[in-house]
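>>> My questions are about this predicted structure, shown below with the sequence.
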Amino acid sequence: MDTVIVTTINLTAIYTLVALGISLTWAGLGFLNMSAGVMYAGAAYGAWLVSTEVSSNVVVVLLGGILTGAVFGAVVCLTVFIPLDGKPNWEIRTLTATLALSFIGTNIYLWKFGPQFKQFEPLFSWLPKFRLGEALLMPSVTGSVIATAVVVTIILVYIGSSRIGLGVRALTQNVEGAALVGIDRRTVAFAILGVSGAFIGLAAVLLGQTFFVEPNSGYVPLIKGLIVAVLGGLGSLRGAVIAAFLVALCEALTLWYFGGSWVLVTLFLLISIVLIIRPRGVAGLLETTRA
């Protein structure tokens with residue numbers, strides 16, 4: 001059972017990052033970013049290139065993934081959000097455009113890097129190992145949790161204290177009200193998608209220690225991120241964190257008792273139960289505000 005706790009802690013940290021990226025984009029800009037998977041793979045490749053060509057220092061590699069993810073967020077803003085903002089059928093168009101961007105990006109990665117798997121060197125091998133009951137807390141798990149806590153705290157404090165952050169918070173609370181007080185939606189969109197990409201980029205580096213990096217490596221994190229975001233209530237950052245814990249716990253328990261082949265079954269069962277009880281998700285309050 002101690003192993004379940006360790007697995008839950010590790011997966012909660014990773015899923016929180018991806019789900020925060022998806023939820024923040026929905027809350028502030030009102031579209032579902034289906035290119036989050038290709039952003040993930042791109043950030044993973046960026047961090048891998050930094051680790052092989054620049055430095056394998058943990059801070060440098062983490063910054064490489066975070067900055068690459070932020071750049072990909074800006075690319076999504078330039079190629080999808082700005083051209084389609086205010087157009088008819090906005091939700092469907094952005095959904096289709098981000099899906100197309102995902103397919104294009106995957107094929108570019110395949111052309112540039114080939115189908116071969118890439119892997120990071122252990123980033124946190126210098127951290128000590130801990131015992132939690134009978135389970136051994138590996139340095140990769142400890143480092144992932146610490147890195148997630150530090151980066152999420154820094155970004156959320158910045159959003160809470162800076163002028164750009166004020167614009168982000170205004171858009172997430174009331175789009176029309178933000179426009180009335182002169183907040184430029186397109187300018188703030190760069191910040192929102194940049195922060196979203198930074199979260200996804202960090203998740204890519206942390207998962208890259210465990211899973212190989214390849215052109216299609218972003219699809220599973222995209223699916224898990226969408227599951228967490230929907231379960232938490234699209235647009236709710238607090239709900240994303242709570243849902244990340246629930247999904248991680250469900251996955252860890254399933255792996256422990258039934259095996260990996262049952263994970264998706266139990267996850268969709270969890271989603272069904274939660275959405276029957278709370279149709280807007282665990283903390284989906286922003287949808288009421290938007291309505």
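Here it is on my side, so go on.
>>> Give me the neighbour count for the nearest residue to Phe120 once chain neighbours are set aside.
Leaving aside its chain neighbours, Phe120 sits nearest to Gly208 (4.5 Å; criterion: C-beta to C-beta, 6 or more residues apart in numbering). (C-beta placed from N, C-alpha, C; glycine too.) Close neighbours of Gly208, defined as other C-beta atoms under 10 Å, add up to 24.
>>> residues in contact with Gly208?
44, 47-48, 65, 119-120 (C-beta atoms under 8 Å, 6 or more residues apart in numbering).
>>> ok, how many other residues are close to Ala149?
Other residues close to Ala149 by other C-beta under 10 Å number 12.
>>> for Ala74, that is, sorry about that
Residues near Ala74, counting by other C-beta under 10 Å: 15.
>>> Tell me if I am right that it is in a helix.
Yes. Counting by DSSP: H, G, I helix; E, B strand; the rest coil, one finds Ala74 located in a helix.
>>> Please verify my assumption that it contacts Ile192.
No. Assessed by C-beta atoms under 8 Å, Ala74 is found out of contact with Ile192, at 10.6 Å.
>>> Quick check: the residue nearest to Phe120 vs Leu62, distance?
11 Å (C-beta to C-beta, to the nearest Å).
>>> anything in contact with each of these two?
Overlap of the contact sets of Gly208 and Leu62 (by C-beta under 8 Å, 6+ apart) consists of Ala47.
>>> Just the buried ones among the contacts of Gly208, please.
With neighbours counted using 16 or more other C-beta atoms under 10 Å, those contain these buried positions: 44, 47-48, 65, 120.
>>> now, among the residues you listed, which is nearest to Ile242?
Gly65 (25.3 Å; C-beta to C-beta).
>>> Which strand or helix spans that closest one?
Using DSSP states H and E, Gly65 falls within helix 58-76.
>>> And the contacts of that helix?
Counting by C-beta under 8 Å, 6+ apart, 33, 35, 38-40, 42-47, 49-51, 54-55, 98, 101, 120, 123-124, 126, 143, 147, 151, 190, 193-202, 204-205, 208 sit against helix 58-76.
>>> Narrow these to those in helices?
Among the contacts of helix 58-76, the members found in helices (DSSP state H) are 38-40, 42-47, 49-51, 98, 101, 143, 147, 151, 190, 193-202, 204-205, 208.
>>> how close does the spatially closest residue to Phe199 that is not a sequence neighbour sit to Ile273?
Nearest residue to Phe199, sequence neighbours excluded (C-beta to C-beta, 6+ apart): Gly21, at 4.1 Å. Plainly put, Gly21 is 25 Å away from Ile273 if you go by C-beta to C-beta.
>>> Compare those two (neighbour count), which wins?
Gly21 (30 against 10).
>>> Can you name every helix or strand that the host helix or strand of the more buried one contacts?
Gly21 belongs to helix 2-29 when elements are defined using DSSP H and E. When contacts are defined as 3 or more C-beta pairs under 8 Å, 6 or more residues apart in numbering; DSSP states H and E, helix 2-29 packs onto helix 36-53, strand 130-132, strand 135-137, helix 139-161, helix 163-173, helix 185-208, helix 219-232, helix 237-257.
>>> what's the offset of that helix from the middle of its chain?
Helix 2-29 has its average C-alpha position 7 Å from the chain's average C-alpha position, going by C-alpha atoms, centre = their mean, to the nearest Å.
>>> now stretch 37-56
16 Å.
>>> How about stretch 272-281?
Here stretch 272-281 is found 22 Å from its chain centre; the criterion is C-alpha atoms, centre = their mean.
>>> Low-confidence regions, the stretch 51-200 of the chain specifically.
Under the criterion pLDDT under 70, the flagged ranges of the stretch 51-200 of the chain are 132-135, 164-165, 169, 172-176, 178-180.
>>> Next, the angle helix 36-53 makes with the helix holding Gly65.
Per axes from the mean of the first three to the mean of the last three C-alpha atoms, to 10 degrees, the angle that helix 58-76 makes with helix 36-53 is 140 degrees.
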